[in-house]
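In: heads up, no residue letters with this:
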């Protein structure tokens, strides 16, 4: 049984993520049509920096803060995410000072790939001309495409 478990874990961890990702053009069009709502969303998220991860099924808050997420605020954020076509929630992490809005994500616990929007006052490194053709297959790689001041699209691989 242990050998079977090890084989399954190896197979899962060595999988490639071949799911077709949403195109840059679709993301850019959605962004341009709803720029004011994107700005409202980032304002709300920046006023509530203790929210580290939020989807329709779970919440992760910064444990260093003794704050709770009200049901009203959670509903407000999730409603905006639906309008913005951001299906996989938001996240923050220590490697990047901004906030990720995950439009599409796939993978396993051991790694995955995600594409969406990113907002930060500080420009990220690894800005590329297109995410459509960017190959993100090295461990923990993130590429960005600049939309306008502070706003980017991102493609991220973790594994």
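Out: Done, it's in. Owing to the predicted nature of the structure, the values given are computational and were not obtained by experimental measurement.

In: only C-alpha atoms for contact and neighbour calcs from this point on.
Out: Noted.

In: Can you name the residues bridging to the residue sitting nearest the centre point of the chain?
Out: Centroid check for the chain by Cα atoms, centre = their mean gives residue 102 as the closest residue, at 3.3 Å. In this entry, residue 102 is beta-bridged to residue 116, by DSSP bridges.

In: That one and residue 119 touch, don't they?
Out: No: here residue 102 does not reach residue 119: they are 11.6 Å apart, not a contact under Cα atoms under 8 Å.

In: So residue 118 lies in a strand, does it not?
Out: Yes: judged by DSSP: H, G, I helix; E, B strand; the rest coil, residue 118 forms part of a strand.

In: That one: what's its closest spatial neighbour, skipping adjacent residues?
Out: Nearest non-adjacent residue to residue 118, counting by Cα to Cα, 6 or more residues apart in numbering: residue 100, 4.5 Å away.

In: re earlier: who's in contact with the residue nearest to the centre of the chain?
Out: Applying Cα atoms under 8 Å, 6 or more residues apart in numbering, one finds that residue 102 lies in contact with 86, 87, 88, 89, 90, 91, 114, 115, 116, 117.

In: okay if I get those as CSV plus neighbour count?
Out: What follows is the contacts of residue 102, written out as CSV (neighbours: other Cα atoms under 10 Å):
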residue, neighbour count
86, 18
87, 18
88, 21
89, 24
90, 24
91, 19
114, 22
115, 27
116, 26
117, 25
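
In: related to what we said a few turns ago, and the residue nearest to residue 118, how far is that from residue 66?
Out: Separation of residue 100 from residue 66 (Cα to Cα, to the nearest Å) stands at 23 Å.

In: For those two, indicate the residue with more neighbours.
Out: In this view residue 100 and residue 66 are compared by other Cα atoms under 10 Å, and residue 100 has more residues nearby, 25 against 8.

In: In three-state terms, label that one for me.
Out: Residue 100 - assigned by three-state DSSP - is strand.

In: close enough to count as contact, it and residue 117?
Out: Yes: the pair residue 100 / residue 117 is scored as a contact, 5.9 Å apart, by Cα under 8 Å.
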